[in-house]
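> Give me a 3D structure for the following:
(2 chains)
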Amino acid sequence: MSDVVVIIPAYNEEASIGPLVRELAAALPGVPAVVICDGATDGTAAAARAAGATVLDLPCNLGVGGAVQAGFQYALKHGYAMAVRIDGDGQHPPAEIRTMLDAARASSADLVVGSRFSSAGLHTTVFRFMGIKLLALFLSLICRKRITDPTSGFWVVKRPLLHYFAREYPVDYPEPEALALLRRQGYDFREVGVHFRARQAGQSSIDGWGTVYYALKVGFALVVDRVRVLDPRLARAYTVRWP
Amino acid sequence: MNAVATMQGWVDALVAPLGPAGARLVFGGVALALFLCFLFGARARRIGVFRGVLLLALVALFTALAFDLTLLMKLNRITFLGRIRLLMGSLSFLVLLVTFEAVRRSHLQERYALLWLSTGIILMLCGMFTGVLDFFCALFGMQYVTFIVAVIFTFLLLVAFHFSIALSALTDDRSRLAQRCAQLEARLEELERAIRGKGTDR
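Below you'll find the model as predicted:
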């Protein structure tokens, strides 16, 4: 029985979710895949079930934050020691998961982030690259730790942090905010350089006006997160002792 | 009646029996007492951001009165426009403060806070740069104050519309949740019946 589960938030990824789940089963035999279908309007849930994944079919669209949190809750409730979180569009190659898991087992960090910039090649536009770099600089200052790819959704989350994220997780564009919050709660993370692929199908949720909203929302949220009222019972000192 | 003159009347009435030195002492004492309240309250974490800011503003007012008993008379000389700008400034500051505090306590999500924040920032800009606004006032044929009211009204309308949209989305979500819930219940009953049926067979 595997102590690792792969959680995949997907919104209208009918075309890419089936091949991804099959690729996952080939790359990591015996590791269960859980697809969180975030109120999709196409056949995402059916395609994932047909490929052999467990499906959490959300009745309404919660956004990526709520969907991923549902995955963390599943992993926590079913007693997994680690949850791998990858995107449903095929950006995060299943072949790289083993690298991330090895890094997670070797390190004492509660979270391993797969970074597309720290060693491997990048797949992004110049404009977005500059935005990510600026965000990375700001976040590195806040976390007092070097971060190269703050928007990466390629994560391995260990159990103490699952306790925290299952109860409190940011909405909308959660990754940079989650990094800042977990540092304030005493958790630690480390980055591992991995290769990303270009998205296999579908549309990015961040383009056009979305970029402006993204910058405003994440910028404001990161400032507030410095002084946000946090639940001290979800700090690492407590959750590390929980089963 | 002029409100500032009325307030100066109260101050004068207090000064008359005490004399200027006594009145200064009283104002200084009140300021000191309020400041000590603030210090102890903040140390013991008994007062939040709101009461803290309010207390500090009162401390500043009473300290200024202790130094200059005719302060309110001087305030009276501020022009009509100046007073409106002061009001706009404090109003926008209040909007920003309330919004920030609500987000900090996780009572308000960022996506709803952004419109309130932009309202506060626009109000603050209106108070700070009257020159730019003169252009718009001339363009639309409005007085400064009318224009400010128009700006506030527009933003309140935007916020209200945003809420209507959010409410519609919530209504949709709620009916979807209820439908899923009912279907799960039906499925559960079906399974229960099947199990019970098996039980009696044996």
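> Low-confidence stretches in the chain?
No chain was given, so I picked chain A. A:118-124, A:200-207 (pLDDT under 70).
> actually it's chain B I care about, not the one you picked
Short version for chain B, where the test is pLDDT under 70: B:1, B:200-202.
> tell me which parts of it are close to chain A?
B:100, B:103-106, B:109-111, B:113-114, B:117, B:172-173, B:176-177, B:179-180 (Cβ under 8 Å from any Cβ of the partner chain). (Glycine included, C-beta is placed from N, CA and C.)
> Look at A:Y187 and tell me its secondary structure.
Classification of A:Y187 using DSSP: H, G, I helix; E, B strand; the rest coil returns coil.
> Same check on the one 4 residues further on?
Three-state secondary structure (criterion: three-state DSSP) places A:E191 in strand.
> so A:F189 touches A:S108, yeah?
No. Using Cβ atoms under 8 Å as the test, A:F189 is too far from A:S108 to be in contact (10.8 Å).
> got the contact list for the residue nearest the centre of chain A?
For chain A, the residue nearest the mean C-alpha position is A:G153 (3.7 Å; Cα atoms, centre = their mean). Contacts for A:G153 (Cβ atoms under 8 Å, 6 or more residues apart in numbering or on different chains) come out as A:V64, A:V68, A:R85, A:I86, A:D87, A:H92, A:E175.
> Tell me where the chain has strands.
Answering for chain A, as no chain was given. With DSSP state E as the criterion, chain A has strands at A:4-10, A:33-38, A:54-58, A:82-85, A:111-115, A:155-158, A:189-193.
> Correction: the question concerned chain B.
Using DSSP E, strands in chain B do not occur.
> can you map out the helices along it?
With DSSP state H as the criterion, chain B has helices at B:3-43, B:49-67, B:71-76, B:80-104, B:110-128, B:130-140, B:144-201.
> can you pull the buried residues of the third one?
Buried positions in helix B:71-76, judged by neighbour count with 16 or more other Cβ atoms under 10 Å in any protein chain shown: B:L71, B:L72.
> now what about it, what contacts it?
Contact partners of helix B:71-76, identified using Cβ under 8 Å, 6+ apart, comprise B:N2, B:V4, B:A5, B:M7, B:Q8, B:V11, B:A64, B:L65, B:D68.
> nearest to A:A166, of those residues?
B:A64 (52.7 Å; Cβ to Cβ).
> separation between that closest one and B:I78?
Going from B:A64 to B:I78 by Cβ to Cβ, to the nearest Å gives 14 Å.
> hmm, back to that, neighbour-wise, which of A:F189 and A:S108 wins?
Between A:F189 and A:S108, counted using other Cβ atoms under 10 Å in any protein chain shown, A:F189 has the larger neighbour count: 22 against 8.
> Now that one: closest residue in space that isn't a chain neighbour?
Residue nearest to A:F189 in three dimensions, not counting chain neighbours: A:L111, with 3.8 Å by Cβ to Cβ, 6 or more residues apart in numbering or on different chains.
> And for the closest residue in space to A:L62 that isn't next to it in sequence, the neighbour number?
Using Cβ to Cβ, 6+ apart and skipping residues adjacent in sequence, the residue nearest A:L62 is A:D38, 6.0 Å away. Using other Cβ under 10 Å, A:D38 has 24 neighbouring residues.
> shouldn't A:D38 be in contact with A:G66?
Yes. Assessed by Cβ under 8 Å, A:D38 is found in contact with A:G66 at 7.5 Å.
> Next, show the common contact partners of those two.
A:L58.
> Give me the neighbour count for the residue nearest to B:I148 when sequence neighbours are not counted.
Nearest residue to B:I148 in three dimensions, chain neighbours excluded: B:C126, at 5.7 Å (Cβ to Cβ, 6+ apart). B:C126: 23 surrounding residues under other Cβ under 10 Å.
> distance of B:C126 from A:M100?
Counting by Cβ to Cβ, the gap from B:C126 to A:M100 is 51 Å.
> contacting residues for the nearest residue in space to B:Q109 that is not next to it in sequence?
Nearest residue to B:Q109 in three dimensions, chain neighbours excluded: A:V171, at 6.3 Å (Cβ to Cβ, 6+ apart). By Cβ under 8 Å, 6+ apart, the residues touching A:V171 are A:G63, A:G65, A:G66, B:Q109, B:E110, B:R111.
> Show the backbone phi and psi for A:V171.
phi -100, psi 180 (degrees, to the nearest 10).
> circling back: residues touching the residue nearest to B:I148, list them.
Counting by Cβ under 8 Å, 6+ apart, B:C126 has contacts B:M88, B:S92, B:L133, B:F147, B:I148, B:V151.
> pretty sure the fifth one is touching B:M88, no?
By that I understand B:I148. Yes. The pair B:I148 / B:M88 is scored as a contact, 6.5 Å apart, by Cβ under 8 Å.
> Mutual contacts of the two, please.
Listed as contacting both B:I148 and B:M88 by Cβ under 8 Å, 6+ apart are B:L123, B:C126.
> Distance of the closest residue to A:V68 other than its chain neighbours relative to A:A221?
Counting by Cβ to Cβ, 6+ apart, A:P9 is the residue found nearest to A:V68 once chain neighbours are left out, at 5.1 Å. For A:P9, the distance to A:A221 (Cβ to Cβ) stands at 19 Å.
> just A:A136 next, same as before
A:A136 is 16 Å from A:A221, by Cβ to Cβ.
> In terms of neighbours, single out the busier of the two.
A:A221 (24 against 19).
> what about residue 43, how many neighbours?
All of this is about chain A. 16.
> right idea, wrong chain: chain B
Per other Cβ under 10 Å, the neighbour tally for B:R43 reads 9.
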